[in-house]
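Asks: Here is my input, please return the structure:
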Amino acid sequence: MFATFVLAVLQIGQPMPDQQPYEVSVGDALARISCPPDYQAFVFATGLSSPDGMCFGPKGALYVVEETLGQVTQITQAGDHIPLAKSLRSPEGIDFGASGVFYVTEDLADGRLLSITPKGEVTVLLEGLDAPEGVIQVGNKLFFTESSAQLSKDTLKFKSRLSFLAKKNEAWGQPKVCLEVSSLLSFSEIVSDGECGIILANESAGGFLRKSLLRFNLQTTKLTSFSHGLDAPEGLAMTRGESGPFPLWVAEEEVARKGRGRITQVDSNGKATLFATGFYLIEDVLVASDGTVYVSEDSTGLIIAMRRRPQNSKDVEVR
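Replies: Next comes the predicted model:
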């Protein structure tokens, strides 16, 4: 969410367009979304309260955090909402770990890192964090990002960091900082590069801030630029299956401060290729093993899906 503030300050663009209210239902095709011709965009879920991070949980079900409602919600294939955990404070990032629980960050000052069982039992792992956003379990380590950029108006005091907890004997240890930078970088989502590194999205990228995705090598502790030229990369997802983790999928929250988001693919060399446009403000992207792409659209409360068309199909309502 910090990206919108940074772009407003650092970019020169047109005012955000007035978004006219409109009625859509689950399964409706969305003609405003421009995606590859062999894909069709449709409404997967409606009525969400600032939907943000998404992940797949038990049995492949889709879960999303509703930031303003303070809730983790399961979305059924029919688009129904099933609350998992309530009374959270500005939840942002979510991951379903190998240990069979959800990990959630709360993006605010004095933020928390939570674990939530599939039954909705909440445990506070850490508190007092600086606006944590991204979270991912890699092996026996739980990585998470923090950024004080949205907490301070003094750019000289901006700090972003990548930290982790290590699990031993079924218990998480004390947090350790593996990367800290003092700059306009603001780390949002993170994913594993499938080898020995973590890819970090820099949500403040845009305009003259060109470093969009960065790679942190866990062995050498070296931070390098991975991909340039993306605008406000907020969400980040891996390709699932044997061909993964590349290409990566990036949710660019707002392009050129014009109130429009887009989805971009990034290959293993950092080359970006546009995949879909026509979104309003977006937060996250998630890709299923069958290739279906899900996008959380913050400003409309929708989750939009893009699925490959059956051969010889026409635009029809998808249920």
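
Asks: what about the residue nearest the centre of the chain, which SS state?
Replies: Centroid check for the chain by C-alpha atoms, centre = their mean gives Gly235 as the closest residue, at 2.8 Å. Secondary structure assignment for Gly235 (DSSP: H, G, I helix; E, B strand; the rest coil): strand.

Asks: In the stretch 1-150 of the chain, what residue spans correspond to helices?
Replies: 2-10 (DSSP state H, counting those that start in this stretch).

Asks: Check the spacing between the residue nearest to the centre of the chain and Val64 real quick.
Replies: Applying C-beta to C-beta, to the nearest Å, the value for Gly235 to Val64 is 11 Å. Glycine gets a C-beta too; all of them are placed from N, C-alpha and C.

Asks: what do these two both touch?
Replies: The contact sets of Gly235 and Val64 overlap at Gly53, Asp284, Ser296 (C-beta atoms under 8 Å, 6 or more residues apart in numbering).

Asks: Of the residues you listed, which is the most crowded?
Replies: Ser296 (31 neighbours; other C-beta atoms under 10 Å).

Asks: hang on, isn't that one packed against Ile282?
Replies: Yes: applying C-beta atoms under 8 Å, one finds Ser296 in contact with Ile282, separated by 6.5 Å.

Asks: Are there residues contacting both of those two? Which ones?
Replies: Gly235, Ala251.

Asks: surely Leu248 meets Gly194?
Replies: No: between Leu248 and Gly194 there is no contact under C-beta under 8 Å: 10.2 Å.

Asks: and those two? which has more neighbours close in?
Replies: The neighbour comparison of Leu248 against Gly194 (other C-beta under 10 Å) goes to Leu248, with 27 against 14.

Asks: Tell me the spatial nearest neighbour of the more buried one, not counting adjacent residues.
Replies: Val266 (4.5 Å; C-beta to C-beta, 6 or more residues apart in numbering).

Asks: what's the answer for Gly70, then?
Replies: Of all residues not flanking Gly70 in the chain, Leu88 sits nearest, at 4.2 Å (C-beta to C-beta, 6+ apart).

Asks: need the contact list for the one you found.
Replies: If a contact means C-beta under 8 Å, 6+ apart, then Leu88 has Val65, Gly70, Gln71, Val72, Val104, Glu106, Leu114, Val122 as its contacts.

Asks: buried sites along stretch 188-196?
Replies: Ser188, Glu189, Ile190, Val191, Ser192, Asp193 (16 or more other C-beta atoms under 10 Å).

Asks: what's the span of that stretch, first residue to last?
Replies: Length of stretch 188-196, first residue to last, C-alpha to C-alpha, to the nearest Å: 20 Å.

Asks: Show residues contacting that stretch.
Replies: With C-beta under 8 Å, 6+ apart, stretch 188-196 has contacts from 2-3, 53, 93, 133-136, 138, 143-145, 147, 162, 198-203, 215, 217-219, 233-238, 244-246, 248, 284.

Asks: what's the answer for stretch 212-230, then?
Replies: Contacts of stretch 212-230 with the rest of the structure, by C-beta under 8 Å, 6+ apart, involve 162, 178-179, 181, 185, 193, 196-202, 205-206, 210-211, 231, 233, 236, 248, 250, 252, 264, 266, 270-272.
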